[in-house]
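**Q** need a 3D model of the sequence below.
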Amino acid sequence: MAGNEFLHIRFKDYTRKNEPTPIPALAECVSLGRVGLKSSLVPDERLLPPESLRFFSLDPDWMGCLVHGAFSIGANAGTNHWSGESEQHPVTANLTADKPVDGFLLKSEVVSGYPGMDIEVYETANSTTPLPILRRQLAPDTILCLYEGAAQQVRFHLKPDVLHFGFDETETSLVKYLNGADAMQSETSTVVEVDAASRVVNIATLFDAAQTYWHTNPRAESAFKEFGSGHFALALLEGVAQVNYNRKES
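**A** You can find the predicted model right below:
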């Protein structure tokens, strides 16, 4: 498993992807067997040490038994109990071998430190559409995520609400790497220094630098004819942190 960190991700149209997803059968299974699910996946706490990410696959028959066990409390334990319609409970009807369910457990301080953290799961590292996921927080520092099908990459990033203006710190001063008309920021961007002692920004100088750099981008000619307050704000905007984990098959 390999990890990549991106401190500034590309700005794009954003649709929140962690709302309840259409996996009702899976959701009910997790609700019914939350305690049993965790104890089965992590029978020993040493299997999920702090700051770890553990992937797994769920067997449909095992999930069926989990649901049957939940519904069998107080029921007749006769020979007819496990026959007929009881084996095709609507909760597990859609859990079949051709729709494998995979998932992972994350135990880390980031779970409690960033409760609104977004999680996206992709079939491959080059996929552009994330898989629907079901997430449940099992403990203050532990989160469970389930999804249908195998996935190669998992992306963690802060929610868009944390977008902000900011400066980068060097040994002697504060600097700002400006965004261009393509909303991208790089180490080759125009740099504006700020006196670290006074922490005062010369807005006129900053605005002129942002305007000049903005119009050096090819997109500026066709997309933005004038540089206004909105463009100035975008030039100063900081992206949210993102970490990508690529799952390697053993």
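**Q** where does this structure have low pLDDT?
**A** Along the chain, segments meeting pLDDT under 70 span 1-38, 67, 70-99, 180-191, 196, 217-225, 249-250.
**Q** show me it divided up by domain.
**A** Structural domains assigned to the chain are 17-158, 164-238, following automatic domain parsing.
**Q** what is the end-to-end distance of the last one?
**A** End-to-end distance of domain 164-238 (Cα to Cα, to the nearest Å): 6 Å.
**Q** what are the pairing partners of whichever helix or strand V175 is part of, and which direction each?
**A** V175 belongs to strand 174-177 when assigned by DSSP states H and E. In the sheet containing strand 174-177, its partner strands are strand 168-169 (antiparallel), strand 191-194 (antiparallel), by DSSP bridges.
**Q** need the next SSE after the helix or strand hosting I143, C-terminal direction.
**A** Counting by DSSP H and E, the element that carries I143 is strand 142-148. Reading on from strand 142-148 to the C-terminus, the next helix or strand found by DSSP H and E is strand 153-157.
**Q** just the C-alphas of that following strand, formatted as PDB.
**A** Only the C-alpha atoms of strand 153-157 are listed here, as PDB (Å, rounded to 0.1, in the frame of the first residue of the first chain):
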ATOM      1  CA  GLN A 153      -7.300   3.800  -4.500                       C
ATOM      2  CA  VAL A 154      -8.700   5.600  -1.500                       C
ATOM      3  CA  ARG A 155      -8.600   9.300  -1.200                       C
ATOM      4  CA  PHE A 156      -8.900  11.300   2.100                       C
ATOM      5  CA  HIS A 157      -9.300  15.000   2.000                       C
END
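**Q** ok, and what's touching it?
**A** By Cβ atoms under 8 Å, 6 or more residues apart in numbering, the residues outside strand 153-157 that reach it are 9, 53, 104, 110, 117-122, 124-125, 127, 130, 240-247. Every C-beta, even on glycine, is put in place using the N, C-alpha and C of the backbone.
**Q** mind redoing it with 6 Å?
**A** D118, I119, E120, V121, Y122, A125, V240, Q242, V243, N244, Y245, N246 (Cβ atoms under 6 Å, 6 or more residues apart in numbering).
**Q** for the third one, phi and psi?
**A** Torsion angles at E120 (phi, psi; degrees, to the nearest 10) stand at phi -130, psi 140.
**Q** against L106, how distant is it?
**A** 13 Å (Cβ to Cβ, to the nearest Å).
**Q** ok, residues contacting stretch 40-53?
**A** R54, F56, F104, L105, L106, K107, S108.
**Q** and the furthest pair within these?
**A** Farthest pair in the contacts of stretch 40-53 (Cβ to Cβ) is F56 and S108. Separation: 16.8 Å.
**Q** those two - which one has more neighbours?
**A** Counted by other Cβ atoms under 10 Å, F56 and S108 do not tie: S108 has more neighbours, with 17 against 14.
**Q** what sits closest to the more buried one if chain neighbours are left out?
**A** E51 (5.1 Å; Cβ to Cβ, 6 or more residues apart in numbering).
**Q** same check, this time on Q211
**A** Once flanking residues are discounted, Q211 sits nearest to F227: 4.4 Å by Cβ to Cβ, 6+ apart.
**Q** what about that neighbour, how many neighbours?
**A** Residues near F227, counting by other Cβ under 10 Å: 18.
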